[in-house]
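*Asks:* Kindly return the folded structure for what I paste below:
(one chain, ligands or ions: 2)
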Amino acid sequence: MNPKTSIVSNSLHRDQHGASVQPLYMSTTFKVDLKSDNQEYDYSRSGNPTRSLLHKQIGRLYGVAQSQVHAVSSGMTALDTIIRGLVLSSSSHVPTILAGDDLYGGSDRLLTFLRTRCHARTVNVDTSDFERFQTAFLSLERVDCVHIESPTNPMCKVVDVPRIIAFIKKVSPQTYVVVDNTMMSGLLCNPLRLGADVVYESATKFLNGHHDIMAGIIVSRSQQIADEVYFVCNATGSGLAPMDAWLLIRGLKTLHVRLYQQQFNAMVLAEWLEQSCGFQESPQAPGLRTRYVGLKSHPQFDLHKSFNDGPGAVLAFDTGSLDLSRRIVSSRALKVWSVTVSFGCVNSLISLPCSMSHASIDPDVRKQRDFPEDLIRLCVGIEDIVDLQQDLLAAMVDAGVLEVRGDMIHNLLNGHTARNTIGSEKYIQHSIYDLFYGGPQEKLEQKLSHRAIKL
Ligand SMILES: Cc1ncc(COP(=O)(O)O)c(C=O)c1O
Ligand SMILES: N[C@@H](CCSC[C@H](N)C(=O)O)C(=O)O
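*Replies:* Numbering: from 1, shown residues only. Ligands and ions are numbered 1, 2, ... in the order given. Sure, this is the predicted structure:
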């Protein structure tokens, strides 16, 4: 069964009263039957039925057994749990982690903490450049864990996940490959199928989608790895609270419709930023560059498409000037876009990573890693696309990025610019169908007719 169907299904649980919606077990303790030697629950740190239902649902998303899934209190807790369980537990040598050089600021902070305070060795390399990655890997005596994230947050670089995994499995099968799949979610990419050992997500993002809980999920390739992960969850008490697990189960049911609309909006915005909104001719913003893996102009568009089922809904653009970027993000003209960290939510968010989500990376380190300080990140929600375009355009006009000529402002305020020059419905549809199915709508229909089940 396709996960789009199974994660909505009510067959997740068998409630004694036949409740259609999953029950919430808001209980710390469970009565112990001393005569039974296989009682599932005694204490919620060790296990809770609502959390177990969530494990089952995530298992359906990733195609693994419920026992290979663990839900924890945040995405960072997920990474911490994996590292404690699989990397730091080795006492015979200095644990070594090889990670990317464009990764979420909090992950970088945790790896830096391990290096500076916990005697671990962490090395960063541009994982989107396979040759550089390979050289870095081979120069290290022993690597316990390779940590990858694709597309990277926030620069949207693509890592050749299948190639890296194949290489590691060949030259160093004992090295764990850990993938942060937050930017894609299990619906768009399943790194376990590509051979990863452990996949985790900040479920705070797409999986939940409503910015009302913090959560992380860890999915293990084998039961042996899952048992190591479970040991740490139980020992440290990092398991997700029942109410949050319940909310996450609910959020997951709409994952695919949210993601579809979010990607649709992101596709249109990215193409518009790149081609139609007049940036190229803008003398005020000569350094403008759009970064989105859904754009054919992205240098790794084909690579991304080869192992993912969609482009996701995070894009970014450089303006060429930090001052200009600050003016856009802080513009009072922004009414729909909210200046907020995070992504994957139904609401659209705009941010300046250098002073928000990635501020915890030392400015000198950001410089060494060519982190563009003027980068603006857009995390696209499910709102009406024209409202999103108009709002952004108004902020750019306000910030002085775009020159307003003639009737442009009139058109802008009346929505004509957005509808007419950005795209008729047809244009919009083509862009998303093109990406997902490799051709315009007519071809899609042909393809669908072949795929349809003959009744
Ligand atoms: C790619 C990525 N991984 C992990 C995390 C950590 O997740 P959380 O905030 O749920 O701890 C975040 C954001 O916070 C993220 O963007
Ligand atoms: N102040 C927070 C910032 C969280 S950023 C959250 C998210 N991953 C993103 O990329 O926007 C911190 O210090 O962690």
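
*Asks:* Show me what from the stretch 1-150 of the chain comes close to ligand 1.
*Replies:* S74, G75, M76, Y104, G106, S107, E149 (C-beta under 6 Å from any ligand atom). Where C-beta positions appear, they are placed from N, C-alpha and C, glycine not excepted.

*Asks:* Those also near ligand 2: which ones?
*Replies:* Contacts with ligand 2 within these, counted by C-beta under 6 Å from any ligand atom: Y104, G106.

*Asks:* can you tell me the helix or strand for L98?
*Replies:* Secondary structure assigned from DSSP states H and E places L98 in strand 96-100.

*Asks:* Outside of that strand itself, list whatever touches it.
*Replies:* Under the criterion C-beta atoms under 8 Å, 6 or more residues apart in numbering, residues 83, 87, 107, 111, 114, 120-128, 133, 136-137, 140-149, 152, 159 lie in contact with strand 96-100.

*Asks:* Flag every buried residue along the longest helix along the chain.
*Replies:* Counting by DSSP state H, the longest helix found in the chain is helix 255-271. For helix 255-271, the neighbour count (16 or more other C-beta atoms under 10 Å) marks 255-256, 258-271 as buried.

*Asks:* Phi, psi for the one residue in the stretch 1-150 of the chain that gets nearest to ligand 2 please.
*Replies:* Nearest residue of the stretch 1-150 of the chain to ligand 2: G106, at 4.2 Å (C-beta to the nearest ligand atom). Main-chain dihedrals, G106, degrees, to the nearest 10: phi -70, psi -40.

*Asks:* Could you find the closest non-adjacent residue to it?
*Replies:* Leaving aside its sequence neighbours, G106 sits nearest to M76 (C-beta to C-beta, 6 or more residues apart in numbering; 5.3 Å).

*Asks:* Any part of stretch 203-219 near ligand 1?
*Replies:* Yes - using C-beta under 6 Å from any ligand atom, stretch 203-219 reaches ligand 1 at T204, M214, G216.

*Asks:* Can you flag which of these belong to strands?
*Replies:* Among the residues of stretch 203-219 next to ligand 1, the ones falling in strands (DSSP state E) are G216.

*Asks:* can you count the residues close to V346?
*Replies:* Burial of V346, expressed as a neighbour count using other C-beta atoms under 10 Å, amounts to 15.

*Asks:* what does the one 3 residues further on give?
*Replies:* Here the count is done by other C-beta under 10 Å, and L349 has 21 residues near it.

*Asks:* quick one, phi psi at it?
*Replies:* According to degrees, to the nearest 10, L349 has phi -130, psi 140.

*Asks:* Please apply the same query to Y176.
*Replies:* With angles defined as degrees, to the nearest 10, Y176 sits at phi -80, psi 130.

*Asks:* Surely L288 is in contact with L324?
*Replies:* No - between L288 and L324 there is no contact under C-beta atoms under 8 Å: 9.4 Å.

*Asks:* what residue ranges in the stretch 151-300 of the chain score low on pLDDT?
*Replies:* 275-287 (pLDDT under 70).

*Asks:* which residues of it fall in helices?
*Replies:* Remark: helices assigned in the stretch 151-300 of the chain by DSSP state H, counting those that start in this stretch are 161-171, 185-188, 223-236, 242-252, 255-271.

*Asks:* a markdown table please, covering these and showing distance to ligand 1.
*Replies:* Formatted as a markdown table, those follow (distance: least, C-beta to the nearest ligand atom, whole Å):
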| stretch | distance to ligand 1 |
| --- | --- |
| helix 161-171 | 14 |
| helix 185-188 | 11 |
| helix 223-236 | 15 |
| helix 242-252 | 11 |
| helix 255-271 | 15 |
